[in-house]
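Asker: coordinates only, sequence not included:
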């Protein structure tokens, strides 16, 4: 009787004697996550249409890249997690080679050298993909050892996440470099690193801030911090972006001015309205209700990702899924905080909404990994 009861409970939990054989499970797709992502991308295209003033070539390119992102998601979801774990070191080395190639022969735009443009291929940004590859590699490295990780393992993980972060900051792209580092740090925190090491690292980081300010940060990066502290000091200069962004957000009110009726973006008062500051376009046209709808969609996506991490059946999968979910939350938090004046401007796009193909493809790569973790767990358990 105890065996029968255990089998019945296991079946109800989804990993017992009668695993789910629905078409979505056979396709290795998590339907709730897929629906949430599709709604978000559709809503993002509608906002982007207004932000680009109906620029069809840009929109067609964005739609094509979203299609590529879905192909990547479906393809990665078919791979078992152990295969991804085996590939992680090679993907990491390949990513480092691409980051070095960016510094040597990268395509420059607006004073930054962040892209590679090979003949016959769309221009892409390798650092965006590293935001997914780094937690994959760090999780594979730490999952081989004991928990909580020993000091040497923590040091090894910091080296793994530190090398691509430094290479990315040299492009220069400090915002993406910090996000790469954060993605790896989340794996360390989730695997139970001792708090003594955490506080020691925080203390060293705080002590290093003056040296970074004097010797490392470039003039425009220092200006961003100073503008964050007092944007009104240069209302027609460095403070223009954030002032116009907050004006657009506040003018939207509760219901917004209506789709395609934004003033700040239509009259080109709002800079980078297609990319970093697209939240301001959304808030002006859809108001507080539109922002709440956006946050609800993000909450569903993040909640589902955390659920997948909680249900994962091995340490590597839990570390990887949890870090991907938390890193996605950081993307959202940093962009919205930046646009609303709560954080310095660091050039982070709004996930799944802003114009930019590499970002969307890399994010969908991460969601494909989450779907693989969730739908392959029955196979890994041998049922």
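Answerer: Received the coordinates, thanks. Small disclaimer: the values here were computed from a predicted structure and weren't measured.
Asker: Spatially, what comes nearest to residue 225 if we skip its sequence neighbours?
Answerer: residue 344 (5.2 Å; C-beta to C-beta, 6 or more residues apart in numbering). From N, CA and C alone the C-beta is placed, and that goes for glycine too.
Asker: contacting residues around the helix or strand containing residue 73?
Answerer: Residue 73 is located in helix 56-77, with elements delineated by DSSP states H and E. By C-beta atoms under 8 Å, 6 or more residues apart in numbering, the residues outside helix 56-77 that reach it are 27-29, 41, 45, 48-49, 52, 84, 122, 274, 355, 357, 360-361, 363-365, 367-369, 371-372, 375.
Asker: Please apply the same query to stretch 289-308.
Answerer: Residues beyond stretch 289-308 that count as contacts (C-beta under 8 Å, 6+ apart) turn out to be 30, 32-33, 36-37, 39-40, 43, 252, 254-256, 279, 282-283, 286, 321-322, 324-325, 328-329, 332, 351, 353, 367, 370-371, 373-374.
Asker: Narrow those residues to those that are buried.
Answerer: Buried residues within these, defined by neighbour count using 16 or more other C-beta atoms under 10 Å: 30, 33, 36-37, 40, 43, 252, 256, 279, 282-283, 286, 321-322, 324-325, 328-329, 332, 351, 353, 367, 370-371, 373-374.
Asker: Among those, which ones are in strands?
Answerer: Per DSSP state E, strands hold no members of the buried ones among the contacts of stretch 289-308.
Asker: ok, the residue nearest to residue 225 - how many residues close by?
Answerer: As a burial measure, residue 344 scores 19 neighbours (other C-beta atoms under 10 Å).
Asker: which ones are touching it?
Answerer: The neighbourhood of residue 344, defined by C-beta under 8 Å, 6+ apart, consists of 224-225, 227-228, 338.
Asker: Separate out the buried members of these.
Answerer: Neighbour counting with 16+ other C-beta under 10 Å marks 224, 227-228, 338 as buried within the contacts of residue 344.
Asker: of the residues you listed, closest to residue 246?
Answerer: When those are compared for distance to residue 246 (C-beta to C-beta), residue 338 comes out closest, at 11.3 Å.
Asker: does that closest one sit in a helix, a strand or a coil?
Answerer: When the structure is reduced to helix, strand and coil (DSSP: H, G, I helix; E, B strand; the rest coil), residue 338 reads as helix.
Asker: separation between it and residue 275?
Answerer: In this structure, residue 338 and residue 275 are separated by 12 Å, where distance is defined by C-beta to C-beta, to the nearest Å.
Asker: Kindly report the same for residue 103.
Answerer: Residue 103 sits 23 Å away from residue 275 when distances are taken as C-beta to C-beta.
Asker: just residue 247 next, same as before
Answerer: For residue 247, the distance to residue 275 under the criterion C-beta to C-beta works out to 18 Å.
Asker: who's more crowded, these two?
Answerer: In terms of neighbours (other C-beta under 10 Å), residue 275 is the more surrounded of residue 247 and residue 275; the figures are 19 against 15.
Asker: quick one: buried residues of stretch 242-261?
Answerer: Applying a neighbour-count criterion of 16+ other C-beta under 10 Å, one finds 242-246, 248-249, 251-252, 256-257 buried in stretch 242-261.
Asker: which residues of the chain fall in strands?
Answerer: Taking DSSP E as the criterion, the chain contains strands spanning 107-109, 112-115.
Asker: Among those, show the one with the smallest mean pLDDT.
Answerer: Ranked by mean pLDDT, the strands of the chain end with strand 107-109 in last place, scoring a mean of 72.
Asker: Can you pull out the low-pLDDT segments for the chain?
Answerer: 1-21, 109-111, 120-121, 236-238, 377-383 (pLDDT under 70).
Asker: in it, which residue is closest to the centre?
Answerer: Note on the chain: the residue nearest the mean C-alpha position is residue 328, at 4.2 Å, using C-alpha atoms, centre = their mean.
Asker: Was I right to think that residue contacts residue 351?
Answerer: Yes: at 6.4 Å, residue 328 counts as touching residue 351 under the criterion of C-beta atoms under 8 Å.
Asker: Report the set of residues contacting both of those two.
Answerer: residue 363.
Asker: chain center to the lengthiest helix in the chain: distance?
Answerer: In terms of residue count, the longest helix belonging to the chain (DSSP state H) is helix 278-311. What separates the centre of helix 278-311 from the centre of its chain is 14 Å, taken as C-alpha atoms, centre = their mean, to the nearest Å.
Asker: what's the closest of the contacts of residue 344 to residue 186?
Answerer: Taking C-beta to C-beta as the measure, residue 186 lies nearest residue 338 of the contacts of residue 344, at 19.8 Å.
Asker: How about the contacts made by the closest one?
Answerer: With C-beta under 8 Å, 6+ apart as the criterion, the residues that contact residue 338 are 276, 344-346, 348.
Asker: cutoff 6 Å now
Answerer: Contact analysis of residue 338 by C-beta atoms under 6 Å, 6 or more residues apart in numbering lists residue 345.
Asker: now it: how far from residue 331?
Answerer: Using C-beta to C-beta, residue 338 is found at 11 Å from residue 331.
Asker: What are the buried residues along stretch 213-231?
Answerer: Burial within stretch 213-231, assessed by neighbour count using 16+ other C-beta under 10 Å, is assigned to 217, 221, 223-224, 227-228, 231.
Asker: Residues in contact with that stretch: which ones?
Answerer: Residues from elsewhere that reach stretch 213-231 (C-beta under 6 Å, 6+ apart): 238-239, 242-243, 344-345.
Asker: how about 10 Å then?
Answerer: If you take C-beta atoms under 10 Å, 6 or more residues apart in numbering as the criterion, stretch 213-231 is touched by 111, 169, 172, 174-175, 208-209, 212, 233-234, 237-243, 245-246, 338, 341-347.
Asker: Fine by me, thanks again.
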